[in-house]
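Q: Coordinates only, no sequence provided:
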């Protein structure tokens, strides 16, 4: 089982977005049969089987083992990943194109860049899985608290200059056998999790 899998096929994306099937995928982080799942989510086994077949058809769940119980064969399935990300490639005709309106101060352009990142890395993961290789990547994730908007602007300017200098130092257009790598650096306000109190939950 992968930690994260990227869904690129539109039909697979549609299947995964069904609420019942999404619940089944979550439950199948651990192997289970239709009978076990039916008891957990409160649906008839036949209906659960129907949804499982759709998930299996699109490679979102896989067969772990078959258990013989009298005249019945029980199929035990497991999700192919602990979590899934739907690639913008699944909506190829309308996926964002960051080259259309590059603007380093635009949140929508940042979103388009992020969408391309998911799409590109998803394609790399798919190819690497077929070739049984790993993808060479590197990422940083952190937070910085700015005292003022002026400090934030100064930080962005210094960051841009530092990254530009670093890219200029290592970029070699004539390197024989070299491979291009995309560099994306982003800064955006942190999103705090919404904490729902027990009282609010009951009232809603």
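A: Nice, thanks for sending it over. Everything numeric here is computed off the predicted structure, so don't read it as measured data.
Q: contacts, neighbours, all on C-alpha from now
A: Fine.
Q: Which residue ranges make up the domains of the chain?
A: Listed by automatic domain parsing, the domain ranges of the chain are 2-84, 91-170.
Q: sec struct for the residue most central in space within the chain, please.
A: The centroid of the chain falls nearest to residue 85 when counting by CA atoms, centre = their mean (2.6 Å). Using DSSP: H, G, I helix; E, B strand; the rest coil, the structure places residue 85 in strand.
Q: how near is the nearest residue to it once chain neighbours are set aside to residue 46?
A: Closest residue in space to residue 85, ignoring its immediate chain neighbours: residue 6 at 4.8 Å, by CA to CA, 6 or more residues apart in numbering. As judged by CA to CA, to the nearest Å, residue 6 and residue 46 stand 29 Å apart.
Q: Ok, residue 9 next?
A: Residue 9 is 26 Å from residue 46, by CA to CA.
Q: Specify which residue of these two has the higher count of neighbours.
A: Each of residue 9 and residue 46 has its neighbours counted (other CA atoms under 10 Å); residue 9 has more, 16 against 12.
Q: quick one: contacts for the more buried one?
A: Contacts for residue 9 (CA atoms under 8 Å, 6 or more residues apart in numbering) come out as 89, 90.
Q: Would you map the strands across this protein?
A: In the chain, the segments counted as strands under DSSP state E are 2-7, 61-69, 72-79, 81-86.
Q: And the ones you listed: which comes nearest residue 106?
A: For residue 106, the closest of these is strand 81-86, at 23.2 Å, according to CA to CA.
Q: So which bits of stretch 56-72 are buried?
A: Neighbour-count burial for stretch 56-72, counted by 16 or more other CA atoms under 10 Å, picks out 56, 58, 60, 61, 62.
Q: How far off centre is it?
A: 26 Å (CA atoms, centre = their mean, to the nearest Å).
Q: what does the average pLDDT come to for that stretch?
A: Stretch 56-72 shows a mean pLDDT of 90.
Q: okay, how far is it across it, tip to tip?
A: Span of stretch 56-72 from end to end, CA to CA: 20 Å.
Q: what's the answer for stretch 78-88, then?
A: Start-to-end span of stretch 78-88 (CA to CA) is 25 Å.
Q: Please work out how many residues are found near the residue nearest to residue 85.
A: For residue 6, the neighbour count with other CA under 10 Å is 22.
Q: these two touch, right, it and residue 88?
A: No - contact criterion CA atoms under 8 Å: residue 6 and residue 88 do not qualify, at 9.9 Å.
Q: if we can go back for a sec, out of the buried residues of stretch 56-72, which two sit at the greatest distance?
A: Checking the buried residues of stretch 56-72 with CA to CA, the most distant pair is 58 and 62, at 9.7 Å.
Q: As a check, name the ranges of all helices in this protein.
A: Taking DSSP state H, the helices of the chain run over residues 10-17, 19-27, 34-41, 45-57, 107-131, 149-170, 198-203.
Q: Would you mind giving the domains of the chain as TSV with distance to residue 186 added?
A: What follows is the domains of the chain, written out as TSV (distance: least, CA to CA, whole Å):
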stretch	distance to residue 186
domain 2-84	22
domain 91-170	7
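Q: Compare those domains and give me the one nearest residue 176.
A: Proximity to residue 176 (CA to CA) singles out domain 91-170 among the domains of the chain, at 14.1 Å.
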